[in-house]
Each structure stands twice: as C-alpha cells, then as structure tokens.
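Novice: Coordinates for the following, if possible.
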Amino acid sequence: MIEIISILVSLIFFVNKILLLIGKKLERLGWLMGSIAAVLAVIYFFLLELYIFTVLEFGLIILMGYGFFVKEIKNPTTEKLIHLFILVVMTVLVFFAFTGMMTIYEFVGAVLMLLGTYFLTHNIYALGWLLYGVSHLFAAYVTNQKGQQFFADFQIASAAVSSIGFVLAMKRRND
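Specialist: Predicted structure coming up:
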C-alpha cells in the first residue's frame, strides 16, 4: 500500500512541478495537481511516521489550493488568512523542532518547502524555485533514510526541475 501511495505522490508532484515550470497556461492545472498530491502525501507521510511532513502537507494543500483559485487580483482578506495559516503551520513546525520530534533536516526541508510554495503562488519565481530545489534535496535525504528510494529519487528529479525554474526565472528578471 505504501509503495503505491509513494509512486502516486511522486509522479503527481513531479507533474505539478513540470506544469508550474511550463507556466501561465498550465499553471492553474499545476496547482491543482499539487493539491491532489498533497492530500495523498498526508497519508503517505503519516504512514512513514514523518509527522512533520504530514503537517507540512496540510499547509501545502491550502497554499496550492490558493494557487489554483486565486488569479492576478489578490484579496487583502484572503492574503491575511494565508499569512495567518503560514504562521500557524510554522508554529507547529517550531514546536516539533523544540520538542525533539523531528530532525534538523526535516525542519529545514519543511520550512523551505512551505515558503517556496508561498513565493511561487505570489509570482516571486526565482526565490520560490530556489527554496523548492533546496527543500527537495532535504526531502530526498530524509525519505532515503526511511528506505523510500523511489520517492527520494523523484525528490532529486524535482530538485533538478526546480533548478531549471530558478535559472529561467533569473533569466526573465535580467531580460
């Protein structure tokens, strides 16, 4: 069962990154795919007893759903709610960190993924892709330690896609 969920989560999240990388016309579909993958990832990380990533995925469900539903015009009230939600998720992450319920790799990876998603949903592409890339490397290490080689391999592939996204975002900024 866990192997099937691992494969689904890995593939759907990878498609999510590719669609976001392609850009505008497929970006909303990318956020939808990410939301679906995050729902499955809640189950996957819970079964792996990676509770910090389980909490992170709840945050990603909200942020990726936000990326799907919100267009160019941002509602100030919605923005405040998103910031409050990020604050709550970060508070939970810090609590887990200080109670010893997670490793530094899990903490850094989770924080960077959450912030990377926030920046990408707010069209701050270079920083978002950079944070994504680093967070995927942390996730690859953590899931490899749990014996989840397929998932870890796709984290490396997602880091590569994120690197391409970063380079393209920097190129667009400089043009």
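Novice: Now do the contacts for the residue nearest the centre of the chain.
Specialist: Geometric centre of the chain, nearest residue: M113, 4.4 Å, by Cα atoms, centre = their mean. Neighbouring residues of M113 by Cβ atoms under 8 Å, 6 or more residues apart in numbering: L56, L60, L131, Y132, S135, H136, A139. Backbone N, C-alpha and C define where each C-beta goes, glycine included.
Novice: And S35, by the same measure?
Specialist: L60, I61, M64, G65, F68.
Novice: Could I get those in JSON lines, plus columns for neighbour count, distance to S10 and secondary structure?
Specialist: Below are the contacts of S35 laid out as JSON lines (neighbours: other Cβ atoms under 10 Å; distance: Cβ to Cβ, whole Å; DSSP: H, G, I helix; E, B strand; the rest coil):
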{"residue": "L60", "neighbour count": "28", "distance to S10": "15", "secondary structure": "helix"}
{"residue": "I61", "neighbour count": "18", "distance to S10": "17", "secondary structure": "helix"}
{"residue": "M64", "neighbour count": "26", "distance to S10": "16", "secondary structure": "helix"}
{"residue": "G65", "neighbour count": "17", "distance to S10": "20", "secondary structure": "helix"}
{"residue": "F68", "neighbour count": "18", "distance to S10": "20", "secondary structure": "helix"}
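Novice: for the chain, which spans come out with low pLDDT?
Specialist: 71-72 (pLDDT under 70).
Novice: in stretch 151-164, what counts as buried?
Specialist: Neighbour counts over stretch 151-164 (16 or more other Cβ atoms under 10 Å) mark F151, A152, F154, Q155, A157, S158, A159, V161, S162, S163 as buried.
Novice: Show me the two of those that sit farthest apart.
Specialist: F151 and S163 (19.0 Å; Cβ to Cβ).
Novice: Which strands or helices does the longest helix seen in the chain pack on?
Specialist: Longest helix in the chain, counting residues (DSSP state H): helix 149-174. Counting contacts by 3 or more Cβ pairs under 8 Å, 6 or more residues apart in numbering; DSSP states H and E, helix 149-174 is packed against helix 2-22, helix 125-145.
Novice: Please save the CA atoms from the first one in PDB.
Specialist: Which is helix 2-22. Taking Å, rounded to 0.1, in the frame of the first residue of the first chain, the C-alpha atoms of helix 2-22 are listed here in PDB:
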ATOM      1  CA  ILE A   2       2.700   2.500   1.000                       C
ATOM      2  CA  GLU A   3       4.600   1.800  -2.300                       C
ATOM      3  CA  ILE A   4       1.500   2.600  -4.400                       C
ATOM      4  CA  ILE A   5       1.000   5.900  -2.500                       C
ATOM      5  CA  SER A   6       4.700   6.700  -2.800                       C
ATOM      6  CA  ILE A   7       4.500   6.200  -6.600                       C
ATOM      7  CA  LEU A   8       1.300   8.300  -6.900                       C
ATOM      8  CA  VAL A   9       2.600  11.100  -4.700                       C
ATOM      9  CA  SER A  10       6.000  11.200  -6.500                       C
ATOM     10  CA  LEU A  11       4.500  11.200 -10.000                       C
ATOM     11  CA  ILE A  12       1.800  13.700  -9.300                       C
ATOM     12  CA  PHE A  13       4.100  16.100  -7.500                       C
ATOM     13  CA  PHE A  14       6.600  15.800 -10.400                       C
ATOM     14  CA  VAL A  15       3.900  16.600 -12.900                       C
ATOM     15  CA  ASN A  16       2.900  19.500 -10.600                       C
ATOM     16  CA  LYS A  17       6.500  21.000 -10.900                       C
ATOM     17  CA  ILE A  18       6.600  20.500 -14.700                       C
ATOM     18  CA  LEU A  19       3.300  22.200 -15.200                       C
ATOM     19  CA  LEU A  20       4.400  25.100 -13.000                       C
ATOM     20  CA  LEU A  21       7.600  25.300 -14.900                       C
ATOM     21  CA  ILE A  22       5.800  25.500 -18.300                       C
END
